[in-house]
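Peer 1: Sequence and predicted structure below; questions after.
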Protein chains: 2
Amino acid sequence: MALSAIKTGRRNESGIAAVIAALSERFGERLQTGEAVRAQHAHTTTYIPGQLPDAVVFPQSSEEVQAIVALASEHKVPLIAFGTGSSLEGHINAPFGGISVDMGRMDRVLEVNASDFDCTVEPGITREALNTYLRDTGLFFPIDPGANASIGGMASTRASGTNAVRYGTMKDNVLALTVVTAGAKEIRTAHRAKKSSTGYDLTRLFVGAEGTLGIITSITLRLQGIPETIAGGVCSFPTTADACNTVILTIQSGIPVARIELLDETQMRASNAYSGLTFPEQPTLFVEFHGNPETVALQSRQFAEIAAEFGGTEFRSTANLEERNQLWKARHNAYWAQKSLMPGGGIISTDVCVPISRLADCVEATQEDIRAHGLLAPIVGHAGDGNFHVGLLFDDKDPADIAKAEAFVARLNDRALSMDGTCTGEHGIGQGKMPFLEKELGDALDLMRQIKHGLDPDNIFNPGKIFAM
Amino acid sequence: MALSAIKTGRRNESGIAAVIAALSERFGERLQTGEAVRAQHAHTTTYIPGQLPDAVVFPQSSEEVQAIVALASEHKVPLIAFGTGSSLEGHINAPFGGISVDMGRMDRVLEVNASDFDCTVEPGITREALNTYLRDTGLFFPIDPGANASIGGMASTRASGTNAVRYGTMKDNVLALTVVTAGAKEIRTAHRAKKSSTGYDLTRLFVGAEGTLGIITSITLRLQGIPETIAGGVCSFPTTADACNTVILTIQSGIPVARIELLDETQMRASNAYSGLTFPEQPTLFVEFHGNPETVALQSRQFAEIAAEFGGTEFRSTANLEERNQLWKARHNAYWAQKSLMPGGGIISTDVCVPISRLADCVEATQEDIRAHGLLAPIVGHAGDGNFHVGLLFDDKDPADIAKAEAFVARLNDRALSMDGTCTGEHGIGQGKMPFLEKELGDALDLMRQIKHGLDPDNIFNPGKIFAM
């Protein structure tokens, strides 16, 4: 955060001009400099003001990415890899200018190895497109951050989302990458074996690196078998603490929920209004189970018992596709429902994550903080992972309101840290969380800087993100 | 491999002498220079000749590790962190001399958070000691590489073993680390939240770094609930291909086996003789299921059906502790059983890993190779992960036999690579696999070197391992 701290940096004007000229010659209409396109490529679903790149290039192959990197290296010009622009912390801004590298045209499925439960894709494919492609194989890619993000973007922010409580995050589901690095060479971080001890784990170094170490050109993903039975349901609780304690006990009991999402009363009010639903406007859990009919029924019963202990409404899970779709569509639209509570206002979507035993403490203290400061801030989150989002609404034209919002976010992040948690469970650092990362990891940031300096000595890959160099 | 390539390097004699003098003053009897102790600290269960450190120091705290690193940095002297010495690829050798840092006295459990399923330990604790400590909590740490290795060593080689098919490897089960790095500062890579997107994944960078980037001083581990029911059994097959195909179909069917280990006919003969057992000397699977009585019974039935399809003997699983212990003791002693086939000879334990669909192809081709070259080489492995070990016996006094063994290993690693696999599923690179890593990852090694150079500019941490600088 600290919006005031996000500045436009020193620009390498002559280098940028030279790169644009060369790219224009090579890429023709696939190099664009119009303001609308540039603005689109700086626009993120974020409270952070856009910082436009000088041009946008649309490569169609790894060879083209290598050519772009070679040019940028020669002229020391920033390259900002772009997926779909759904990141939340200013990841795709261009504080030093430079070229946005839109990976959207590299969206092919290169290989599906159904018998090994893996596939290799180009980075520009979105998760929904991938799952549509996979439909006939009986397999699916489980990571679901809500937005229809690109797989490359999801890898770069170490995304997770609703299914992570069961299937893990991108770090657990990327098997290998090819990446074009500073020397304009494409390297491969691993092969398709399920596990490997081949020195430094480069795969997981690039997952979460936010495009600051190179440009990902292909991604080998683990896939999952589509469960025989998917069933889900809704449960309302008297208080948020009751809902959180239900989550805690569900996780501690080892019930393998596939999704367990918390929506507080403000969120339920927003979601009802936005999605035309009629759920009780009370703290609520959306829950889903994956398995065969017997295991799903068993898990559902076990969950219902725990929920009842904490005063939850009677839990009934359904495998009915239409009912389930309505539920998860409402969940996926939570962000837009939040925004609709204050049309035209700004919104900050926070994403602290704490050890599961502290979930109720952290959510409760945060709700008290919201009340004490008279804020409008629905809460929704991947409660099973101890990860929740506050959708903080504020008047982004009013300096006093901005300051108030920033102070709230700082208190929230401090609270999570005091509970041995993190300021970001899944959104990443980008520009917005730089000061909090410093607080969270301290001297460890020096190591990140050393790695960045070693792998990208001219600081051409997405400069001004994660940490100041 | 290429034993001939493993040389003793240039030694910094004056620096080593200065560090030993200073350590001796500070650590008194906890700094030892006797040959027996030094030889112990170069001895690994490996075919690679020992290269003794000049001294062994036994720190008892992170502060002491920091003091050791500060001294070594000042004088540019190698430090080789030592756990229990059970690594297999010369990881703890001292090709340039220097100081072995024996972490065995830093073996405390610092914290158990039972309600979050995690604990924090010092690196010297062994996995068996940790599980003994945890017994009353209802939790256990699942990673089991066979040897009673230290947790620090297991983290450093990205170890896995029999349970990894269900619980993952060390990369999946280390939540956070503290590490003393080149500046002699202790950094923390993460906190206890289950997931995080805080920039570069330093936790997973140190997991598998083989002690080349710093010395781990504490490890926060994910724990698992002890299953209500554990049941296992044995199944023999007409051919190794039948056993492998049973594994492939079991995994592809999504049966969540906790362990599924392949032992070929030569291994069964060795294990029967060594452990006093009377199993049929045929290709065999040792299988284990974790869950509640119903799920374990279901999984066991499903597995039995698949095994029967491939001509397996009738499968009966038992929860009887004594029977199970006998089984897994035999499995854990596989390495010693192999060695007993050629007393006084050398043994190379390989560890290729391939995508599961290629397991039968890779094992069969390897057995043909063994036969064609008249080698004695039992096979045992974590078949569910596509990972298997050939225990290649050879006369380590006979240059011709050494050359023959090396040629076999090279062919095996090439075979795995041609199947999109890896030369090392879990043992790591150390000294022995350096040429194969080069072949497997090519230019990606440059990135590893850049990271190493950035984080350890004086190359004091375990030099001469993973790659040549």
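Peer 2: The structure has been received and is ready for your questions. Note that the coordinates shown come from a computational prediction; the quantities given were computed from them, not determined experimentally.
Peer 1: shouldn't residue A:434 be in contact with residue A:468?
Peer 2: Yes: between residue A:434 and residue A:468 there is a contact at 7.0 Å, judged by C-beta atoms under 8 Å. Backbone N, C-alpha and C define where each C-beta goes, glycine included.
Peer 1: got the residues of the stretch 351-469 of chain A near chain B?
Peer 2: If contacts are counted using C-beta under 8 Å from any C-beta of the partner chain, the residues of the stretch 351-469 of chain A sitting beside chain B are A:353-357, A:385-387, A:416-417, A:420-429, A:437, A:440-448, A:450-455, A:466-467.
Peer 1: returning to what we had before: looking at residue A:434 and residue A:468, which is more packed in?
Peer 2: Comparing residue A:434 with residue A:468 by other C-beta atoms under 10 Å in any protein chain shown, the one with more neighbours is residue A:434, at 22 against 12.
Peer 1: And for that one, nearest residue in space, chain neighbours not counted?
Peer 2: residue A:467 (6.4 Å; C-beta to C-beta, 6 or more residues apart in numbering or on different chains).
Peer 1: Let me see the contact set for that neighbour.
Peer 2: For residue A:467, the contact set (C-beta atoms under 8 Å, 6 or more residues apart in numbering or on different chains) comprises A:429, A:434, A:437-438, A:445, A:448-449, A:452, B:199.
Peer 1: And it, how close does it get to residue A:177?
Peer 2: According to C-beta to C-beta, to the nearest Å, residue A:467 stands 22 Å off from residue A:177.
Peer 1: one step back: kindly indicate which of the contacts of residue A:467 lies nearest residue A:194.
Peer 2: residue B:199 (26.4 Å; C-beta to C-beta).
Peer 1: In which helix or strand does residue A:324 reside?
Peer 2: Counting by DSSP states H and E, the element that carries residue A:324 is helix A:321-332.
Peer 1: Give me the helices and strands touching the next helix or strand after that helix, please.
Peer 2: Sequence order places helix A:334-340 as the next helix or strand after helix A:321-332, per DSSP H and E. Judged by 3 or more C-beta pairs under 8 Å, 6 or more residues apart in numbering or on different chains; DSSP states H and E, helix A:334-340 is in contact with helix A:265-275, strand A:346-349, strand A:387-394.
Peer 1: circling back to that earlier point, let me know the pLDDT of the residue nearest to residue A:434.
Peer 2: The model reports residue A:467 with a pLDDT of 93.
Peer 1: do the same with residue A:4
Peer 2: Among the per-residue scores, residue A:4 holds a pLDDT of 49.
Peer 1: What of residue A:326?
Peer 2: So residue A:326 comes in at 86 (pLDDT).
Peer 1: wait, isn't it in contact with residue A:277?
Peer 2: Yes: using C-beta under 8 Å as the test, residue A:326 is close enough to residue A:277 to be in contact (7.3 Å).
Peer 1: Which elements pack onto the lowest-mean-pLDDT helix or strand in chain A?
Peer 2: Ranked by mean pLDDT, DSSP states H and E, the helix or strand of chain A with the weakest confidence is helix A:321-332, at a mean of 88. Judged by 3+ C-beta pairs under 8 Å, 6+ apart, helix A:321-332 is in contact with strand A:229-236, helix A:265-275, strand A:284-291.
Peer 1: Need the winner for burial among those.
Peer 2: Of those, the one with the most neighbours on average (mean count of other C-beta atoms under 10 Å in any protein chain shown) is strand A:284-291, at a mean of 25.
Peer 1: Run the angle between that strand and strand A:229-236 for me.
Peer 2: Computed with axes from the mean of the first three to the mean of the last three C-alpha atoms, to 10 degrees, the direction of strand A:284-291 lies at 160 degrees from that of strand A:229-236.
Peer 1: So what are the sheet partners of strand A:284-291 and their directions?
Peer 2: Here strand A:284-291 is paired, per DSSP bridges, with strand A:229-236 (antiparallel), strand A:259-263 (antiparallel).
Peer 1: will you turn these into JSON lines that also has mean pLDDT?
Peer 2: Below are the strands paired with strand A:284-291 laid out as JSON lines (pLDDT from 0 to 100):
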{"stretch": "strand A:229-236", "mean pLDDT": "95"}
{"stretch": "strand A:259-263", "mean pLDDT": "97"}
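Peer 1: export these to CSV and tack on distance to residue A:86?
Peer 2: Shown next, in CSV, are the strands paired with strand A:284-291 (distance: least, C-beta to C-beta, whole Å):
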stretch, distance to residue A:86
strand A:229-236, 24
strand A:259-263, 19
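Peer 1: Can you give me the domain boundaries for chain A?
Peer 2: According to automatic domain parsing, chain A comprises the domains A:3-104, A:106-225, A:229-418.
Peer 1: any chance you could map the helices in the stretch 301-450 of chain A?
Peer 2: A:321-332, A:334-340, A:359-372, A:399-418, A:434-441, A:444-455 (DSSP state H, counting those that start in this stretch).
Peer 1: bridging residues for residue A:261?
Peer 2: Legend: beta-bridge partners of residue A:261 under DSSP bridges are residue A:286.
Peer 1: Low-confidence stretches in chain A?
Peer 2: Where chain A drops to pLDDT under 70, the residues are A:1-8.
Peer 1: Residue A:53 is in contact with residue A:94, isn't it?
Peer 2: Yes: the criterion here is C-beta under 8 Å, and residue A:53 meets it with residue A:94 at 4.0 Å.
Peer 1: Quick check: neighbours shared by those two?
Peer 2: A:42, A:80, A:100.
Peer 1: can you pick the most crowded of these?
Peer 2: residue A:80 leads the shared contacts of residue A:53 and residue A:94 on contacts (other C-beta under 10 Å) with 30 neighbours.
Peer 1: Save the helices and strands packed on helix A:334-340 as JSON lines, and put in distance to residue A:160 too.
Peer 2: Below are these laid out as JSON lines (distance: least, C-beta to C-beta, whole Å):
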{"stretch": "helix A:265-275", "distance to residue A:160": "19"}
{"stretch": "strand A:346-349", "distance to residue A:160": "14"}
{"stretch": "strand A:387-394", "distance to residue A:160": "8"}
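Peer 1: picking up where we left off before, quick one: buried ones out of the residues of the stretch 351-469 of chain A next to chain B?
Peer 2: A:353-357, A:385-387, A:416-417, A:420-429, A:437, A:440-441, A:444-448, A:450-452, A:454-455, A:466-467 (16 or more other C-beta atoms under 10 Å in any protein chain shown).
Peer 1: Count the neighbours of the residue in the stretch 201-350 of chain A that chain B sits nearest to for me.
Peer 2: Proximity of the stretch 201-350 of chain A to chain B (C-beta to the nearest C-beta) peaks at residue A:204, 4.1 Å away. When neighbours are counted by other C-beta under 10 Å, residue A:204 registers 26.
Peer 1: Repeat that for the one 3 residues further on.
Peer 2: With neighbours defined by other C-beta under 10 Å, the count for residue A:207 comes to 28.
Peer 1: and it, how far is that from residue A:116?
Peer 2: Residue A:207 is 20 Å from residue A:116, by C-beta to C-beta.
Peer 1: With residue A:239 instead?
Peer 2: Computed as C-beta to C-beta, the residue A:239 to residue A:116 distance reads 46 Å.
Peer 1: These two - which one has more neighbours?
Peer 2: residue A:116 (23 against 17).
Peer 1: quick one: contacts for the closest residue to that one other than its chain neighbours?
Peer 2: Spatial nearest neighbour of residue A:116, excluding adjacent residues (C-beta to C-beta, 6+ apart): residue B:355 at 4.2 Å. Neighbour list for residue B:355: A:113, A:116, A:118, A:192-194, B:386, B:419-421 [criterion: C-beta under 8 Å, 6+ apart].
Peer 1: Now residue B:355. Its backbone dihedrals?
Peer 2: phi -50, psi 140 (degrees, to the nearest 10).
Peer 1: separation between it and residue B:427?
Peer 2: Distance, residue B:355 to residue B:427, using C-beta to C-beta: 19 Å.
Peer 1: swap in residue A:238?
Peer 2: On the measure of C-beta to C-beta, residue A:238 and residue B:427 end up 54 Å apart.
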